[in-house]
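# Structure of the sequence below:
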Amino acid sequence: MKITIALQKKPYDVGFFTKLYVKAIQIWTRSKYFHSEIIINNKRISAYPPKGVDIHYFNNDYDFEHFDYYEIEVLEPTGAQEMLIWKYINEQTGTGYDWKGIFFSQVFRLGINNPIEWFCSEIVTKILQLLLYEQVLDCLPNKVSPAKLYRLIKNNAVKKS
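Numbers count the residues shown, from 1 in each chain. As a prediction, the model looks like this:
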């Protein structure tokens, strides 16, 4: 099964606070990436403040100006497994943004997070674990930034261009 990881490198909003927030993440993580999403079956899944997990339809209109896209292979889930994965994803929709995880897992690196809320790379990593993607199975999702996610997938991914 082919999965696409979208890593955002350029913000849409170029306001002062957005630029500051994006630049802070890029400097802190030493990466050009500050946001991540996963695309499965034409559905784009990620987490955004303040809502948390959200699902959008993806019509294969790749935005290469703002994102880099990496295709990875995972084992094909059975129909029942795929149903359970989508049930889990749908249950997480709208649960709230994991600010606690951002500050206490990403900034202060204490590994503390809100177990019922998500930030972008946290939910993407959790979904990859549900899909049994080997490179993330040993990770704690709240300790994975978009930069770390890229480092975990880059050797087993094909960049779309």
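
# contacts and neighbour counts: CA atoms only from here.
Fine.

# For Y48, grab phi and psi.
Y48 adopts backbone torsions of phi -140, psi 150, taken as degrees, to the nearest 10.

# Quickly list what it is bridged to.
G52 (DSSP bridges).

# let's have the chain start at 13 instead
Happy to do that; since the first residue is 13 now, the last one works out to Y60.

# Let me see the residues that make contact with the worst-scoring helix or strand of the chain on mean pLDDT.
Within the chain, judged by mean pLDDT, DSSP states H and E, the helix or strand with the poorest mean is helix 28-41; its value is a mean of 90. Helix 28-41 has contacts (Cα atoms under 8 Å, 6 or more residues apart in numbering) with P23, D25, K44, Y45, F46, S157, A159.

# can I get the CA coordinates of it in PDB?
The C-alpha coordinates for helix 28-41 follow below in PDB (Å, rounded to 0.1, in the frame of the first residue of the first chain):
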ATOM      1  CA  PHE A  28       4.700  38.200  11.300                       C
ATOM      2  CA  PHE A  29       3.600  35.700  14.000                       C
ATOM      3  CA  THR A  30       3.300  32.900  11.500                       C
ATOM      4  CA  LYS A  31       6.800  33.600  10.100                       C
ATOM      5  CA  LEU A  32       8.100  33.800  13.700                       C
ATOM      6  CA  TYR A  33       6.500  30.500  14.700                       C
ATOM      7  CA  VAL A  34       7.700  28.700  11.500                       C
ATOM      8  CA  LYS A  35      11.200  30.100  11.800                       C
ATOM      9  CA  ALA A  36      11.400  29.000  15.500                       C
ATOM     10  CA  ILE A  37      10.400  25.400  14.600                       C
ATOM     11  CA  GLN A  38      12.900  25.300  11.800                       C
ATOM     12  CA  ILE A  39      15.700  26.600  13.900                       C
ATOM     13  CA  TRP A  40      14.900  24.400  16.900                       C
ATOM     14  CA  THR A  41      14.600  21.200  14.800                       C
END
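
# helices or strands next to the helix or strand just after that helix in the packing?
Sequence-wise, the next helix or strand downstream of helix 28-41 (DSSP states H and E) is strand 47-52. Applying 3 or more Cα pairs under 8 Å, 6 or more residues apart in numbering; DSSP states H and E, one finds that strand 47-52 contacts strand 14-20, strand 55-60, helix 132-142.
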